[in-house]
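Student: task: produce atomic coordinates for the following.
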Amino acid sequence: MKNAFKIVIFMLLVLISSCSKDDSNQESPEIESSTPKLSSLTAIQNTNTYALSFVYNNMGKWISGSSYNQNYTISYTPNGTISFYEKEGSSSSDVTYLYDSSDQLNKIIYDTYEVDFVYSNGKMVGLNLFDTDLIAYIDLTYNENDLIETITDSNELIRYTFTYDHLNRIVRVDEASVNMTGDEYVNTYYRIYTYENHKNPVYELLHPTFGTKQITFSPLNILPETQKIFQNSETLDMFIFSEYHVKSIKRYHISSDTTVLNNFECQYTLENNLVTSLTINYSDSYNTQSSQTIHYTYQEP
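Tutor: Residues are numbered from 1 along each chain as shown. This is a model prediction of the structure:
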């Protein structure tokens, strides 16, 4: 029941997938981009509005912005990797990123939470999640193309298996839960993804800053939720964010490929090859319907 409840909550959420400030002045040299950068995201559903903004320095490095009307700043290590995220007036929201001697991300500290990274031969194979004490561990396996094949969450007792297309886009996610005897994972649901040909500017902003391998560890509540193909929020929000815009998501029970349990259809408006708005239309097998619109703005280089 806990797994089913969390899945329902996730679907509803889709509608509503060095440690000082001075480090930002010690960045490694960068080449200024000629591509317009994402300046804001504004989501509107019924009477609710949620806005994110992004501010860059002279070389196009993301350094600050606002979230839920609170300002935030981002600091970097001398070699340009993120070291600290700070939200104005809320020290409990501060996030510290630590690295090992090989410059691999090995620890994230957030309030009472901590994420420890486990590597094998330079590859991230696990995550230990703490809230003072260990609350869960996540195991990752990879396919022959070095892409994440499975993610297993020991706390929720659920395993996700990912299938890719020729562009390395995830086109199917199988959800497996532990069986009644608790000795193996059994597939219960699966999701089918289709994509647009245009790339996702949120991914292009977010993943180079907060990402490692395919997983992004974000202190921000990033939109749109439909681009989050995998998500875990037991500590810091972590997810696999789509590089290409998702066109549709259909979720089925493993016993049927005809009854769509949850359906998301995404419609995009483009100007000069840039997405300026996204409307997400949702429906389910109970005839529930709703929609959400997200507006994008850009900063000229």
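Student: test my guess that Glu196 contacts Glu243.
Tutor: No: shown here, Glu196 and Glu243 do not form a contact pair, counting by CB atoms under 8 Å, at 11.3 Å. Using the backbone N, CA and C atoms, a C-beta is placed for each residue, glycine as well.
Student: what's the average pLDDT for stretch 128-145?
Tutor: Here stretch 128-145 scores 93 as its mean pLDDT.
Student: buried stuff in that stretch?
Tutor: Judged by neighbour count using 16 or more other CB atoms under 10 Å, the buried positions of stretch 128-145 are 128-130, 136-138, 140.
Student: swap in stretch 287-297?
Tutor: For stretch 287-297, a neighbour-count test (16+ other CB under 10 Å) marks 292, 294, 296 as buried.
Student: which residues does the spatially most central residue of the chain contact?
Tutor: Central residue check for the chain by CA atoms, centre = their mean: the C-alpha nearest the mean position is that of Phe239, 3.4 Å away. When contacts are counted by CB atoms under 8 Å, 6 or more residues apart in numbering, Phe239 touches 17, 215-216, 218, 228-232.
Student: quick check on it: phi, psi?
Tutor: phi -160, psi 160 (degrees, to the nearest 10).
Student: how far away is it from Asn221?
Tutor: The span separating Phe239 from Asn221 equals 11 Å under the rule CB to CB, to the nearest Å.
Student: please apply the same query to Val95.
Tutor: From Val95 to Asn221 the distance is 13 Å (CB to CB).
Student: the two: which has the busier surroundings?
Tutor: Taking neighbours as other CB atoms under 10 Å, Val95 and Asn221 compare with Val95 leading, 25 against 15.
Student: which residues does that one bridge with?
Tutor: Listed beta-bridge partners, Val95: Tyr85, Tyr110 (assigned using DSSP bridges).
Student: how near is it to Thr77?
Tutor: The value you get for Val95 to Thr77, if CB to CB is used, is 14 Å.
Student: please apply the same query to Met124.
Tutor: Distance check for Met124 against Thr77: by CB to CB, it reads 19 Å.
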